[in-house]
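>>> Task: produce atomic coordinates for the following.
(chains A, B, C, D and E)
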Amino acid sequence: MKATRAVQKILANYEGETPGVKANLCRMLMTGKLGGTGKMIVLPVDQGFEHGALRSFGPNPAGYDPHYHYQLAIDAGLNAYAAPLASLEAGSDTFAGQIPTICKMNSANSLMSGTAAKDQAVTASVDDALRIGASAIGFTIYPGSDAMFDMFEEIVELRKEAASKGLPTVIWSYPRGEGITKEGETAIDVDSYAAHMAALLGAHIIKIKLPSDHIMQDEARKVIEDTGVDISTQAARVKHCVDACFAGKRIVIFSGGAAKGANAVYDDARAIRDGGGNGSILGRNAFQRSREDALKLFADLIDIYKGKA
Amino acid sequence: MKATRAVQKILANYEGETPGVKANLCRMLMTGKLGGTGKMIVLPVDQGFEHGALRSFGPNPAGYDPHYHYQLAIDAGLNAYAAPLASLEAGSDTFAGQIPTICKMNSANSLMSGTAAKDQAVTASVDDALRIGASAIGFTIYPGSDAMFDMFEEIVELRKEAASKGLPTVIWSYPRGEGITKEGETAIDVDSYAAHMAALLGAHIIKIKLPSDHIMQDEARKVIEDTGVDISTQAARVKHCVDACFAGKRIVIFSGGAAKGANAVYDDARAIRDGGGNGSILGRNAFQRSREDALKLFADLIDIYKGKA
Amino acid sequence: MKATRAVQKILANYEGETPGVKANLCRMLMTGKLGGTGKMIVLPVDQGFEHGALRSFGPNPAGYDPHYHYQLAIDAGLNAYAAPLASLEAGSDTFAGQIPTICKMNSANSLMSGTAAKDQAVTASVDDALRIGASAIGFTIYPGSDAMFDMFEEIVELRKEAASKGLPTVIWSYPRGEGITKEGETAIDVDSYAAHMAALLGAHIIKIKLPSDHIMQDEARKVIEDTGVDISTQAARVKHCVDACFAGKRIVIFSGGAAKGANAVYDDARAIRDGGGNGSILGRNAFQRSREDALKLFADLIDIYKGKA
Amino acid sequence: MKATRAVQKILANYEGETPGVKANLCRMLMTGKLGGTGKMIVLPVDQGFEHGALRSFGPNPAGYDPHYHYQLAIDAGLNAYAAPLASLEAGSDTFAGQIPTICKMNSANSLMSGTAAKDQAVTASVDDALRIGASAIGFTIYPGSDAMFDMFEEIVELRKEAASKGLPTVIWSYPRGEGITKEGETAIDVDSYAAHMAALLGAHIIKIKLPSDHIMQDEARKVIEDTGVDISTQAARVKHCVDACFAGKRIVIFSGGAAKGANAVYDDARAIRDGGGNGSILGRNAFQRSREDALKLFADLIDIYKGKA
Amino acid sequence: MKATRAVQKILANYEGETPGVKANLCRMLMTGKLGGTGKMIVLPVDQGFEHGALRSFGPNPAGYDPHYHYQLAIDAGLNAYAAPLASLEAGSDTFAGQIPTICKMNSANSLMSGTAAKDQAVTASVDDALRIGASAIGFTIYPGSDAMFDMFEEIVELRKEAASKGLPTVIWSYPRGEGITKEGETAIDVDSYAAHMAALLGAHIIKIKLPSDHIMQDEARKVIEDTGVDISTQAARVKHCVDACFAGKRIVIFSGGAAKGANAVYDDARAIRDGGGNGSILGRNAFQRSREDALKLFADLIDIYKGKA
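Here you go, the predicted structure:
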């Protein structure tokens, strides 16, 4: 499995990182139908913790079975499959070694009230992730939450241990909480700020939402106006977020959000591609469709990222 | 003790798990009059901590003696007996090796006021459970409580250690706390969510309450209406909860709640059986009856689970 | 020192316990004038921490000297002497091996305000207790306090270590705190609940206050009325508390409370004896009397427990 | 699985032991066709380490496969199957929970020259044994070897940890080494001495070879002559060895040695039975026969131990 | 990267193993030109430690550069590359993720005299192996050496830790030392014994030398003659060694030994293939040839293992 030029160029940005981290990044970048292009599509299935099984899998009941998602990710030719420890474990024997997995280390839920709702519980350890053969750890931070500093300190510790044992870190950076308005959660200034903090926390792969053209902070608005940063198109906003991740020296992937029409998903992907993002991480838009539709969707997205559509 | 097909099929779902965990699951599934059927009935006696000895054992004072419950579980031909460490210890010599025991690791109580009442104290360690010869550990979580994340992090650590030493984990998943209305505690959406979280936390056996047809979350109601999930009967609701546990790849048992008439208990069991649940975990409905009545109740339940009643 | 039948029968209840724990229980049960009867009287002197030396020893200044209490307990022919580590240490050389001692591991005080007042500081370790030759550790819990879970987790750890090193655990179980009314602290339902929780936490000897006929919890009142539990006399209430301790399979002793007339103390002892309790643990009622009066008091109590008075 | 009187009587001899150890002893004593009789037959397959696969399994090549032995022990209705960690692991999933296993913790071999040949390597830990679901650990000592003290210190540590985590210890006590003549290895004085040392090292089950009427030590010969200890028959010599194990308060089983005719094996078993031994641990005599012959042999032995043959 | 049937069948033999171990075994078995066939060829370059750089790389000085070997293994389409930690590290950045690596954990050398020469130094830790992204650890044992037991205890510890963190263990099992004659080092009885011991020590992949028809132990000769084990051809002897590894339930690969003519190497490979071995691990025969010749050699071997030559 010779790494392509495109992949080697990406890996070279991870200076001073352990070879194990690079080997696992390489593995993810070289796997699947986008293998070698430097682009990636990941299937994340951690919504069960956050919304319950019913809301997550009710629309497509096949998804109650953890095997379904492994098989979908493999058959669609994706780069990796992300899920909480126990979900991964439930298929870890059947699918051992067949697709890189990202072990999600913390989990939110929507039963909780008040402050606690802006935090997550840590539900796995680095050695757990190694034990089940994961290729990376995943962790959510909520920039803007009062629990933010605790979350930062948790991921810094986990990332340090994971990197020393050869596992890269994927950070889900989702602005949320006391300091953030509802619109602000995807505001271009806040979103790119969240992406930048993930990079500063040592993320090897950064996962954010697609930014809107809303601006939450007045200070940010001023800089945008003064300097003429282009935020007029989705691609332009993606580019700004990618810039915020060490000038594109970190892999940035964008989440798909709630289920929506296929064309909207395709438009998003084209914007990600044109703005220089590295790919998509699509959960509900995939597993809440029928398997057939999901495979079609992924095939189309792969074509888009390959520049064929 | 050759494992039956039914039991082997269940064990095969626990992928990536240590052989010791499977051996102990096998032991519980092969013990008692339901041994080998894949169904199980467990006697749990941890209400003393939660309600005191008087309220728990006053109705049938024989129950003040820990030996009574061991003997009842053995004579009734149950699969396992669950209790706090010191209760188990109090009969650990007399009954050594005669019935699988589940060491309950945390305990609530009803003397506590306010917030703390939504938490539990950890009152045993994995090595304690091994020392007294237990076949599993048990742990309660309160999804919806502000203490939920702490409880999650406690059980994740305990489960990891227990599994590495060959002990499976039973999670009592009881929605309760700041984020949950009284009716919500057994609402179908909340209950199945609680079951799903237990699975995601790595439970090998999941214990929940029987769900009502109440729906607490509007988002859940929408999914139910949109997708036509059947929640019209108790059996249908059981089936939905079983689905929420990795499509039935985890053992799910249902608690009996407060003492009630035998016919109500039988109706519950038939719904559990018809919905694909794995069995009952009956405490007050057993030990608050006379020994004679309790033995009759268990005998009838065993017939129901065997499909004879 | 052959253990009597009565003592052997008590020891047999401690199933699964280390032989060292049984040896120390035997030592306490076979010491003093009640040695061999299965009854015991203990002198506890830990009020200094809780109320200060002045309030504790002012009435009988001889008590400022730790030697005084050792000598009193020995001369009165008691089973054991309980005190904080440093008090025991202060006479540990002079009285080495002359009377079993119980090292009190945590301590309250009355300088503290608010919530903290419902907790205690841990002021000794198991190895400290072994080093000074103690025969048991003692620990106070406050069922009903918001600090209760912390206290539970502390004593569970200490008890585990102590038992593994051959030391039994005495739990002082005193309902107190946010969830308890003033009257509730000695209410029969709350007191027996507290006794039961001590048993569930692994206490080998349980120390509670004598219960009143007050009932704090409505649910408990209902059970008492429905089942006809007798709480009409002190002896009947003692019996209920003893039942709550694994049907009398744990040693239960009753504290004397604030200083009072000798006859009241005698009445208490007769009720303890008639209700099946194992004895008295008398502090202020002993050391706040003159040595002469205290010796007389203990002699009379010994007669009562021997059924001679 | 109610323990029979016979089993309960045996368990009662293990005073001061953890309930977990008793539970696992009970499990082994209650399993298989001899379950409940107090007698046991164990299949040990650790000869591969000592003699190589060829010499062990060449005569019956089916034995190369670790599954073969699991299946043989289960189908023959034995009490337990003993093997090194990796052999057990190789069938740990397929046979999880179907027969108690004894994890052999150290291993000899016959490639080694000189002094080292009288020692063994420790090849597993207690947590390994727990992880794969074993019901006991096994360990060989060579009384008479210069490495004896090291072996004693190893097993003392392992036994302490195993007992604290609920696992009993089986000691293979085989006189061998610098201090022992070839004939002395099975001499009645040496063999009973080896059995006694195993008891003194804390063995819960003691495995020795059948003793000959040879006497190695002159001091022993003198005592035998002076006191008239009967060593004239195999049964008498078995009785002497059983006496040496705390007057029969420890389970003693006898190994079968090299493969021989069925009648010789039956004679051994009758002598073990008549001398009060607890059973046989038969390796080469079982797995070097065809499966059919081995099953016949075990069936006959079971009849002998049941007193039917 | 869907695992083929052939690979899944091999993985299923590793019962009770962590999913991470299986994932890494799968990765090695699915990599390179033999990927998916169940056969494998590994390039090992650890001779520098044993013989010095001059003797190892003098014949083909390009081999002084660690990058040379990485590139050779990748270009030849091998399954894995094995070397000591520092050698792997020297190319770990350039080749990160491009080929599975096996981190050799101990190393011999030929400067040492006498007894010590029969041992090896441990020169890496499991976390080192993870840090540099290795897919397995490798370890040499010398059955027959007086240092054998120390080596056994070292690998047992390393294997336990490695497996718990998802890394499989490759054991180089080379009979050598005080108990072994020169001819005995490759004698069929000794070689198959060495293979069996590696399996019993928990090796996931076993590396031995091709056995000769010499027999070192008289007891073994007897079994061979009595049972008619076929050792007449290289393929038959390979088959016997494979049988000795849990009846072929472990991957067995054969080393090539000193440099020799290509045809001899091909004959070896055909015998390995025909005897049911899993492949070759070729060092000097590869890197002491020119790159061109080595690539030709590997290409031919791949054809042989594919059954095309």
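>>> Against which helices or strands is the host helix or strand of A:Ala286 packed?
Applying DSSP states H and E as the criterion places A:Ala286 in helix A:284-287. With contacts taken as 3 or more C-beta pairs under 8 Å, 6 or more residues apart in numbering or on different chains; DSSP states H and E, helix A:284-287 sits against helix A:47-57, helix A:66-75, helix A:291-305. For glycine as for every other residue, the C-beta is placed from the backbone atoms N, C-alpha and C.
>>> Output it as CSV, restricted to C-alpha atoms.
Taking Å, rounded to 0.1, in the frame of the first residue of the first chain, the C-alpha atoms of helix A:284-287 are listed here in CSV:
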residue,chain,number,x,y,z
ARG,A,284,-28.0,10.6,9.8
ASN,A,285,-28.0,11.5,6.2
ALA,A,286,-26.6,8.0,5.5
PHE,A,287,-28.1,5.6,8.0
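>>> Name the residues that touch it?
Here helix A:284-287 makes contact (C-beta atoms under 8 Å, 6 or more residues apart in numbering or on different chains) with A:43, A:45, A:47, A:56-57, A:60, A:63, A:68-69, A:72, A:76, A:256-260, A:265, A:294, A:297-298.
>>> One more: stretch A:147-154?
A:106, A:115, A:118-120, A:122, A:139-142, A:145, A:177, A:197, A:201.
>>> In helices, which of those residues fall?
Among the contacts of stretch A:147-154, the subset assigned to helices under DSSP state H consists of A:Met197.
>>> quick one: the strands in chain A?
According to DSSP state E, chain A carries its strands in the segments A:40-44, A:80-84, A:101-104, A:106-107, A:121-122, A:136-141, A:169-173, A:205-209, A:251-255, A:279-281.
>>> Spit out the contact partners of A:Asn13.
For A:Asn13, counting by C-beta under 8 Å, 6+ apart, the contacting residues are A:246, A:249-250.
>>> Now that we're looking at it, what pLDDT does it have?
For A:Asn13, the pLDDT comes out at 97.
>>> So A:Ala203 sits against A:Ala163, correct?
No: judged on C-beta atoms under 8 Å, A:Ala203 makes no contact with A:Ala163 at a distance of 11.0 Å.
>>> Okay, now the unreliable bits of chain A?
A:1, A:113-117 (pLDDT under 70).
>>> Give me the distance between the residue in the stretch 201-309 of chain A that chain C sits nearest to and chain E.
The stretch 201-309 of chain A approaches chain C most closely through A:Leu201 (32.5 Å), counting by C-beta to the nearest C-beta. As judged by C-beta to the nearest C-beta, to the nearest Å, A:Leu201 and chain E stand 20 Å apart.
>>> The closest residue in space to that residue that isn't next to it in sequence and chain C: what is the separation?
Spatial nearest neighbour of A:Leu201, chain neighbours left out: A:Ile155 (5.7 Å); criterion: C-beta to C-beta, 6 or more residues apart in numbering or on different chains. Look at A:Ile155 and chain C: by C-beta to the nearest C-beta, they are 28 Å apart.
>>> how far away is A:Ile155 from chain B?
15 Å.
>>> Assess the claim that that residue and A:Pro143 are in contact.
No: taking C-beta under 8 Å as the definition, A:Ile155 is not a contact partner of A:Pro143, at 11.7 Å.
>>> Out of the helices and strands packed on helix A:284-287, which one sits most buried?
helix A:47-57 (a mean of 25; mean count of other C-beta atoms under 10 Å in any protein chain shown).
>>> who's in contact with that helix?
With C-beta under 8 Å, 6+ apart as the criterion, helix A:47-57 contacts A:45, A:63-64, A:84, A:87, A:107-110, A:283-284, A:287-288, B:189, B:192-193, B:195-197, B:200, B:217, B:219-220, B:223-224, B:229, B:240, B:243-244.
>>> got the angle for that helix vs strand A:80-84?
100 degrees (axes from the mean of the first three to the mean of the last three C-alpha atoms, to 10 degrees).
>>> ok, the closest residue to A:Thr233 other than its chain neighbours - contacts?
In space, and not counting its chain neighbours, A:Thr233 is closest to A:Ala271: 7.1 Å by C-beta to C-beta, 6+ apart. Neighbour list for A:Ala271: A:210, A:233-235, A:237-238 [criterion: C-beta under 8 Å, 6+ apart].
>>> Neighbour count added to the residues you listed, as a markdown table?
Formatted as a markdown table, these follow (neighbours: other C-beta atoms under 10 Å in any protein chain shown):
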| residue | neighbour count |
| --- | --- |
| A:Leu210 | 22 |
| A:Thr233 | 13 |
| A:Gln234 | 20 |
| A:Ala235 | 17 |
| A:Arg237 | 23 |
| A:Val238 | 26 |
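>>> and the two most separated of those residues?
Greatest spatial distance among the contacts of A:Ala271 (C-beta to C-beta): A:Leu210 and A:Thr233, at 11.5 Å.
>>> State the distance from A:Asp46 to C:Ile102.
52 Å (C-beta to C-beta, to the nearest Å).
>>> same thing with A:Glu157?
In terms of C-beta to C-beta, A:Glu157 sits 42 Å off from C:Ile102.
>>> For the two, indicate the residue with more neighbours.
C:Ile102 (31 against 12; other C-beta atoms under 10 Å in any protein chain shown).
>>> list the contacts for the closest residue to the more buried one other than its chain neighbours?
Once flanking residues are discounted, C:Ile102 sits nearest to C:Ala82: 3.7 Å by C-beta to C-beta, 6+ apart. By C-beta under 8 Å, 6+ apart, the residues touching C:Ala82 are C:42-46, C:101-104, C:138, C:170, C:281.
>>> in stretch A:280-294, what's buried?
For stretch A:280-294, the neighbour count (16 or more other C-beta atoms under 10 Å in any protein chain shown) marks A:280-289, A:291, A:294 as buried.
>>> scratch that, stretch A:97-113
A:97-112.
>>> Distance from the chain centre to that stretch, please.
11 Å (C-alpha atoms, centre = their mean, to the nearest Å).
>>> So for stretch A:168-188, first residue to last residue, what's the gap.
End-to-end distance of stretch A:168-188: 27 Å, with C-alpha to C-alpha, to the nearest Å as the criterion.
>>> is it anywhere near chain E?
No: using C-beta under 8 Å from any C-beta of the partner chain, stretch A:168-188 never reaches chain E; the gap is at least 10.6 Å.
>>> how about the residues of chain A that lie near chain E?
Counting by C-beta under 8 Å from any C-beta, chain A sits next to chain E at A:1-3, A:11, A:18-27, A:30-31, A:74, A:89, A:92-93, A:96-99, A:127, A:130-134, A:164-166.
>>> 7 Å instead?
Contacts of chain A with chain E, taken as C-beta under 7 Å from any C-beta of the partner chain, map to A:1-3, A:11, A:18-20, A:22-24, A:26-27, A:30-31, A:74, A:92-93, A:96-98, A:127, A:130-133, A:164-166.
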